[in-house]
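give me coordinates for this.
(chains A and B)
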Amino acid sequence: MCKQVAMFLKFKQQVVESLKDYGDERFLRDSEHADMSSTIAFKISKEEKRKPQEIAEEILEKVELKEYVGSVEALNGYINFFASYEFLEDTINFILDSDENYGSLDLKGDVLIEHTSANPDGPLHIGHIRNSIIGDTLTRIFKKAGFDVKTQYYVNDMGRQMALTVLGVERFGIDSNLKIDHAIANAYIQINRFLEENPELEEKVEDLMIKYERGEEEVCNKFREVVERALDGIKETLMNLNVKHDEYIWESEFIRNGYVDKVLRELDNNNLIRKNGAWILELNEFEKEVVLKRENGTTVYITRDLAYHMWKGEKFGRLINVLGSDHKLYGRQLSKILEILGLKQPEIVFFEFVSLPEGSMSTRKGKFISADELIFKLYDEAYNIIKDREFDEDEKRRIAKAVGTAALRYDFIRIAPEKPMTFDWKKALDFENTASYIQYSHARACSILRNAVKHGMPELEFVGEICSDVERKLVMLLSKFSYYVLRVVNELRPNVFAEYVMNVATTFNEFYRTHPVLKAESDYRMHRLAIVDATRIVLRNGLELLGIEALEKM
RNA sequence: GGGCCCGUGGCUUAGCAUGGAUAGAGCGACGGCCUUCUAAGCCGUAGAUCGCGGGUUCAAAUCCCGCCGGGUCCGCCA
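Modelled structure (predicted):
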């Protein structure tokens, strides 16, 4: 897999080889004391009841250094490996040569990532965009890893909430002063309130659902119009987040194209469905039975979703869904049924909820903070910071937008998906030490390079031997780009990549403070310029994977 | 009630899969640094019973058991 495509992975591979019989990857660790550490001596110590350090020293005798493995030591039972000058030099040169391709892997396969998929009954709120940002970041990283990736937004156009939305729009109209998805949410909130006081409306809701499922033209037109308009608003929001889906797949499509019937038929053929009015499936390992068809003959969400997965599975090698953790049980049931049918199961990335200090959000109750509101407040905040700088007005707007979007994306992606988040306006609008820090570091690197060119000294020449500790630390970090790409692909935790990019920026700033570049003697200047340029490339490519614009000036 | 997730300095968080070297960052606080390549920056100081209690181990934030607190699910909703 890693020919010349992944520097640090290559180093790791050579560490494994240098350890020969002891080269077990499971005992290799990242370390603050070395470029790579093996804990194998502790393992053996347990079996042989001898001191770890003694064993480590014995193993050390047998270690054979490699091109990239420059030195090795046995310390406190650890076997510590250090990269060679060749490794540092090859890393920098490889980054400079690869440029925008640096960090790529050559993994193969096609992947479908489904994410966001919020009901089109209102605008995206700050919970939905956690989904969008995780999904979009995974998409970018999977592409970098070499996969052929497509993204889909699964549009839930069939549910009860859509019937209500249609009725709401009909009864209360649409406020044309508002962004369209917000206007639709208002109608949806009003009809919910109305329904509480007029329960007899329930009949109309059911009637509408039945007609839509049957495909009555007039009803279909009504649904289509409302859904499409809501999606227009949602797409606009996603665009501001640098998120774009390849396809929008409507749930109702699977009623019309026969896949729902196909799924039901297959389950029925296996005698798995109990029919007593409703169609019910019992799954032994869940105490809950699954309804696939209501007594009135209409299907439910999971029935259509099964059909969607059957369809997806036929077209793509690997399926990834990003879902809120409230769907955990649902996801397991869905997977179980797909398994029974011998169909491809999705890998599901669950993320915990974003809640408000006063509790959880609800579109229906109108209790939510919309993504749009947050986005525009961030633009304003960012604009205020730069309003007095020497940029023209358009450039200020552009920078404010890039910085605002970056802060938002980074704040969401940096947190491990399984951690619950509580939204806090003050923190959300704080630009200190977040994505803008990384953007700033990138702009700083660009600025040094611009000045170098301006003063006619653009030559780059990295020399391993003259590396200081900080330079070495920075170059080692730069070499790990694809190592983190691979980790995200394996672990489906994009937050580890966000942390990596931040580390690069932090270390670069440390370097910046202590290592004058343009004022240095010619050898050192060329050496450091090479480091600056390589860092610039890593930061730019890293930001790209986070869906954040790498500004050259700010 | 049962299932799943979370609980690490005042706040946010990494590390937990595969147990090992002084628990790593950031914000906030305090004190410093702009005649030097972008101060959206840098340096330093203070601040942690890793929710609690047991257990396994030479070694536990990490594994096991019990508990506490928070979230979430358990619809002929989506």
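
how about the closest residue to RNA strand B within chain A, nearest residue that isn't a chain neighbour?
Across chain A, the shortest distance to RNA strand B (Cβ to the nearest atom of the strand) belongs to A:G159, at 2.2 Å. Using the backbone N, CA and C atoms, a C-beta is placed for each residue, glycine as well. What sits nearest to A:G159 in space, not counting adjacent residues and going by Cβ to Cβ, 6 or more residues apart in numbering, is A:Y301, at 6.4 Å.

on that earlier part again, wait, what's in contact with the residue of chain A closest to RNA strand B?
Applying Cβ atoms under 8 Å, 6 or more residues apart in numbering, we find A:G159 in contact with A:N119, A:M209, A:Y301.

residue ranges with poor pLDDT in the stretch 301-450 of chain A?
The stretch 301-450 of chain A contains residues with pLDDT under 70 at A:433.

spell out which parts of it neighbour RNA strand B.
A:301-302, A:325-330, A:352-353, A:355, A:359-360, A:382, A:385-386, A:399, A:403, A:414-416, A:418-422, A:427, A:430-433, A:436-437, A:440, A:443-444, A:446-448 (Cβ under 7 Å from any atom of the strand).

at 6 Å what do you get?
Within the stretch 301-450 of chain A, the residues that sit near RNA strand B (Cβ under 6 Å from any atom of the strand) are A:301-302, A:325-330, A:352-353, A:360, A:382, A:385-386, A:399, A:403, A:415-416, A:418-421, A:431-433, A:436-437, A:440, A:443-444, A:446-448.

residues of the stretch 101-250 of chain A that sit close to RNA strand B?
A:N119, A:N156, A:M158, A:G159, A:R160, A:Q161.

name the surrounding residues that touch stretch A:160-167.
Contacts for stretch A:160-167 (Cβ under 8 Å, 6+ apart): A:119-121, A:156, A:184, A:187-188, A:191-192, A:195, A:201, A:204-206, A:208-209, A:212, A:222-223, A:226-227, A:230, A:364.

buried among those? Need that as a selection in PyMOL.
PyMOL command restricting the contacts of stretch A:160-167 to the buried ones, with burial defined by 16 or more other Cβ atoms under 10 Å:
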select buried, chain A and resi 119+120+121+156+184+187+188+191+192+195+201+205+208+209+212+222+223+226+227+230+364
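
which ones among the contacts of stretch A:160-167 lie within helices?
Using DSSP state H, A:184, A:187-188, A:191-192, A:195, A:201, A:204-206, A:208-209, A:212, A:222-223, A:226-227, A:230 are the members of the contacts of stretch A:160-167 that sit in helices.

which helix or which strand is home to the residue lying closest to A:A520 once chain neighbours are set aside?
Nearest in space to A:A520, with sequence neighbours left out and distances taken as Cβ to Cβ, 6+ apart, is A:R528 at 6.0 Å. In this assignment (DSSP states H and E), A:R528 forms part of helix A:522-545.

show me which residues of that helix are buried.
Neighbour count says helix A:522-545 has A:524-545 buried, by 16+ other Cβ under 10 Å.

gap between the residue nearest to A:G159 and A:L292?
10 Å (Cβ to Cβ, to the nearest Å).

circling back to that earlier point, which of the residues of the stretch 301-450 of chain A next to RNA strand B are buried?
The neighbour-count test (16+ other Cβ under 10 Å) marks A:302, A:352, A:382, A:386, A:399, A:403, A:415, A:421, A:431, A:436-437, A:440, A:443-444, A:446, A:448 as buried among those.

just flag the most distant two among the residues you listed.
A:I302 and A:I448 (56.3 Å; Cβ to Cβ).

where does A:R274 fall, secondary structure wise?
strand A:273-276.

I figured A:K315 hits A:V111, correct?
No. Counting by Cβ atoms under 8 Å, A:K315 sits too far from A:V111 to count as a contact (11.2 Å).

all strands for chain A, in order.
Counting by DSSP state E, chain A has strands at residues A:28-29, A:36-38, A:69-75, A:78-83, A:110-114, A:148-155, A:247-250, A:273-276, A:278-281, A:290-293, A:318-324, A:347-351, A:354-355, A:421-422.

and those: which comes nearest A:E510?
The nearest among those, by Cβ to Cβ, is strand A:78-83 at 19.0 Å.

the closest one pairs with which strands, parallel or anti?
Strand A:78-83 has these partner strands in its sheet, going by DSSP bridges: strand A:36-38 (antiparallel), strand A:69-75 (antiparallel).

give me the residues contacting that strand.
Counting by Cβ under 8 Å, 6+ apart, A:11, A:15, A:18-19, A:31, A:33-41, A:56, A:59-60, A:63, A:68-74, A:476, A:479 sit against strand A:78-83.

name the residues of stretch A:36-56 that are buried.
Per 16+ other Cβ under 10 Å, stretch A:36-56 contains these buried residues: A:36-45, A:52-53, A:55-56.

got it, and stretch A:244-256?
Here stretch A:244-256 shows A:H245, A:Y248, A:I249, A:W250, A:E251, A:S252, A:E253, A:F254, A:I255 as buried, counting by 16+ other Cβ under 10 Å.

hmm, back to that, looking at A:K315 and A:V111, which one has more neighbours?
A:V111 (22 against 10; other Cβ atoms under 10 Å).
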